[in-house]
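J.: Next comes the sequence, and after it the predicted model I'd like to discuss.
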Amino acid sequence: MNLREYIREVQNFPKEGISYKDITPLLQDPKAMEFAVDLFIQKLDNQHIDVVVGIESRGFFFAALLAQKLNAGFVPVRKKGKLPAETLEENYDLEYGIDILEIHQDAISKGQNVLVHDDVLATGGTARAACNLVERLGGKVVQCNFLIELGFLNGRNKISGFPVESLIQY
């Protein structure tokens, strides 16, 4: 199955000059979703995972499915102010400014093996912030997974200290 066939490109979204990679068609097809989850599992090469961290918001879709398949917990990493309990926060750079990600302080225990998942690896800032949060809680980032990687933005450079897997590359 060619997962790239399930990605819709939307020109000039969210702004002029951007070719947005929309994963909605993939999410609408249960067989494509199952195929993607199975590929992600294979790429883990039988490593033990205690927790799957999903990055807001499209990272939640596959992170929750992976957690279920791996018999692991699921932990959301969200933008500032979206989580109800005590949190840790991490700044990351945007094109024009900074943003903040948060994780619950009790979400990961020291020594737990963590899989970090998001839908797209672009510049790597969001993924780096999520990995920093995991490590600050004492977790070990085993791998970073992405459905799509925009290689021309060199996001792997920001997370070069971690194993990275992506299913579709542009």
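T.: Great, that's in hand.
J.: switch to C-alpha atoms for all contacts and neighbour counts from now on
T.: Fine.
J.: Is the residue nearest the centre of the chain bridged to anything, and to what?
T.: By Cα atoms, centre = their mean, the chain has its centre lying nearest to Asp118, at 1.7 Å. When assigned by DSSP bridges, Asp118 has beta-bridge partners Phe146.
J.: gap between it and Gly17?
T.: Distance, Asp118 to Gly17, by Cα to Cα, to the nearest Å: 23 Å.
J.: next one: Leu27
T.: Distance from Leu27 to Gly17, counting by Cα to Cα: 25 Å.
J.: So which of those two has more stuff around it?
T.: Applying other Cα atoms under 10 Å to Leu27 and Gly17 shows that Leu27 carries more neighbours, namely 16 against 9.
J.: That one - nearest residue in space that isn't next to it in sequence?
T.: Distances taken as Cα to Cα, 6 or more residues apart in numbering put Met33 closest to Leu27, at 6.1 Å, once the chain neighbours are dropped.
J.: what's the burial count for the one you found?
T.: Around Met33 there are 19 residues (other Cα under 10 Å).
J.: Going forward, count from 6.
T.: Okay, residue one is now 6; in that scheme the one you just asked about reads as Met38.
J.: tell me which element it falls in.
T.: Secondary structure assignment for Met38, by DSSP states H and E: helix 35-48.
J.: now that helix, how far from the centre of its chain.
T.: With Cα atoms, centre = their mean, to the nearest Å as the basis, helix 35-48 stands 15 Å off its chain's centre.
J.: Now do the buried residues in that helix.
T.: Going by neighbour count (16 or more other Cα atoms under 10 Å), the buried part of helix 35-48 is Ala37, Met38, Ala41, Val42, Phe45, Lys48.
J.: What strands flank the helix or strand following that helix, and is each parallel or antiparallel?
T.: As assigned by DSSP H and E, the chain's next helix or strand after helix 35-48 is strand 56-60. Strand pairing for strand 56-60, using DSSP bridges, gives strand 78-84 (parallel), strand 118-126 (parallel).
J.: okay, these in CSV with mean pLDDT next?
T.: Shown next, in CSV, are the strands paired with strand 56-60 (pLDDT from 0 to 100):
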stretch, mean pLDDT
strand 78-84, 98
strand 118-126, 98
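J.: Quick one: closest of those to Asp27.
T.: Closest of the strands paired with strand 56-60 to Asp27 is strand 118-126, at 9.8 Å (criterion: Cα to Cα).
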